[in-house]
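Q: turn this into a structure:
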Amino acid sequence: MFRRIFGPAGTPATDRQVDALESAGHAAGDTATVRRIVAKLEAMPTRQARLVASAAYTLARAAHADLDISDEEIRVIEHELQAHEALDESTAVLVAEMARFQARNVGATEDYVVTREFAALASDDQKTDILRACFAVSAANGTISAEESAVVNQIAKELALDAAVVSAIRAEFHERLSAVQEVRRLAGGR
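A: Numbering: from 1, shown residues only. Here you go, the predicted structure:
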């Protein structure tokens, strides 16, 4: 199942991900829990599973813009994956961890392809929601760095969202942009 979502068998990163998840379940004594989650993902229609996987990876991509995915960012990703009752908590946790692993290990080579796949599968509302979620993930620590902003801008471009929509979402997070925070700091907090 993991190979179907994250890549074909024999792909080193996919094989490592599956091995890590299986060994994590055994190490933690949660094999029954992991198996239930895998069964839920397997039960999803292929299109829905691919949509969830590509959404999770796109969120992890935004989080990984600064070459780190913090625990705060993972919690926001988990929350976003549960929005609109898309996934339950345990499944969202597993999918978020899978996406974190993929972003760290195959990152730049898959970014464009996966985001474009999400764009091909998603409705306009889902694209808007994922862009807003990317901003929320980037702002998890209170500041959206220049690197994070650049990656989210690239994601917006790959989603082919209307410029007005992107601007409106960016405006929601205006006060979290590091450049804005720095200007306010230099101006004495005015």
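Q: please enumerate the helices of the protein.
A: 2-6, 12-28, 31-43, 46-63, 71-82, 89-105, 107-121, 124-138, 146-159, 163-172, 178-186 (DSSP state H).
Q: where does the chain dip in pLDDT?
A: Within the chain, the stretches with pLDDT under 70 are 1-31, 33-38, 189-190.
Q: still on that earlier bit, please identify the most buried of the helices of the chain.
A: Most buried of the helices of the chain, by mean neighbour count (mean count of other CB atoms under 10 Å): helix 46-63, with a mean of 23. In this view, the C-beta of every residue, glycine as well, is placed from N, C-alpha and C.
Q: nearest the middle, which residue of this structure would you pick?
A: Using CA atoms, centre = their mean, the residue of the chain that lies closest to the mean C-alpha position is residue 59, 1.8 Å off.
Q: excluding residues flanking it in the chain, which one is nearest that one?
A: Distance criterion CB to CB, 6 or more residues apart in numbering; nearest residue to residue 59, sequence neighbours excluded, is residue 77 at 4.6 Å.
Q: my read is that that neighbour contacts residue 63, right?
A: Yes: counting by CB atoms under 8 Å, residue 77 touches residue 63, with 6.6 Å between them.
Q: what is in contact with those two at once?
A: Contact criterion CB atoms under 8 Å, 6 or more residues apart in numbering; residues shared by residue 77 and residue 63: 100, 137.
Q: follow-up on the earlier one: contact partners for the residue nearest to residue 59?
A: 56, 59, 60, 63, 92, 96, 99, 100, 133, 137.
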